[in-house]
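> Task: produce atomic coordinates for the following.
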Amino acid sequence: MATLILSVMGSDRPGLTQALAAAVLASGGNWLESHLSRLGGLYVGSVLVELAADGVERLRAAVQAVDAHGLEVRITPAVEATGPAGDAVHFSLVGQDQPGIVHQVTAILSRLAVNIEDFETRISAEPHSGAPLFHMEARLRLPPALGPSQVQAALEDISGEIMVDIALTPSEVA
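Presented below is the predicted three-dimensional model:
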């Protein structure tokens, strides 16, 4: 069996997910996981697919037909996953939007050798003033020697500086 990742990007319109699903099915593949969304007016995302090794060329041919309709699809072999090293934690942040929030948070996580396994950000309007609020959600994998309280302390050092609320809780996904 082969496990592949389809990375997709193109002008958003109805039928794109169905076109991808048809390409996977036509190649004898199984759609395992995906993250698909509208971002900046474009349809973007990734799909994890499993199929028999002899179906890879059929998938490439089916994807070319999707490409012809304006959706760029790249196929990359998935990497064999290793077991979790340390604790998984859920991280959330909310604060007034300003440049540099993602940079400051990820700089601390990188310095601590924390792996970001899932990452999502969005902007919403603050209920009373309508000012832009920045939201960040992530699933983090801590190195074995690092505890959640150490990560929380490091992140709290910058929370006052960038005026955000931070929470770190055990993740439901191990």
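> Quick check, residue 96 in contact with residue 133.
Yes: contact criterion CB atoms under 8 Å: residue 96 and residue 133 qualify, at 6.6 Å. Backbone N, C-alpha and C define where each C-beta goes, glycine included.
> can you list residues touching both of those two?
Both residue 96 and residue 133 are in contact with residue 126, where contact means CB atoms under 8 Å, 6 or more residues apart in numbering.
> export the helix or strand containing residue 165 as PDB, just CAs?
Residue 165 belongs to strand 164-170 when assigned by DSSP states H and E. Output of strand 164-170 as PDB, limited to C-alpha atoms (Å, rounded to 0.1, in the frame of the first residue of the first chain):
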ATOM      1  CA  VAL A 164      -3.200  38.000  24.900                       C
ATOM      2  CA  ASP A 165      -4.900  35.400  27.000                       C
ATOM      3  CA  ILE A 166      -3.200  32.000  26.800                       C
ATOM      4  CA  ALA A 167      -4.400  28.500  27.800                       C
ATOM      5  CA  LEU A 168      -2.600  25.200  27.700                       C
ATOM      6  CA  THR A 169      -4.600  22.000  28.400                       C
ATOM      7  CA  PRO A 170      -4.100  18.300  27.900                       C
END
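> who does it touch, helix- and strand-wise?
Here strand 164-170 touches strand 88-96, helix 148-162, going by 3 or more CB pairs under 8 Å, 6 or more residues apart in numbering; DSSP states H and E.
> For whichever helix or strand comes after the shortest one, what does the pLDDT average out to?
It refers to strand 88-96. Where DSSP H and E defines the elements, the next helix or strand beyond strand 88-96 is helix 101-111. Mean pLDDT, helix 101-111: 96.
> buried stuff in helix 101-111?
101, 105, 109 (16 or more other CB atoms under 10 Å).
> Mind putting these into TSV with distance to residue 88?
Shown next, in TSV, are those (distance: CB to CB, whole Å):
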residue	distance to residue 88
101	23
105	17
109	14
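> Not counting sequence-adjacent ones, nearest residue to residue 17?
In space, and not counting its chain neighbours, residue 17 is closest to residue 36: 6.2 Å by CB to CB, 6 or more residues apart in numbering.
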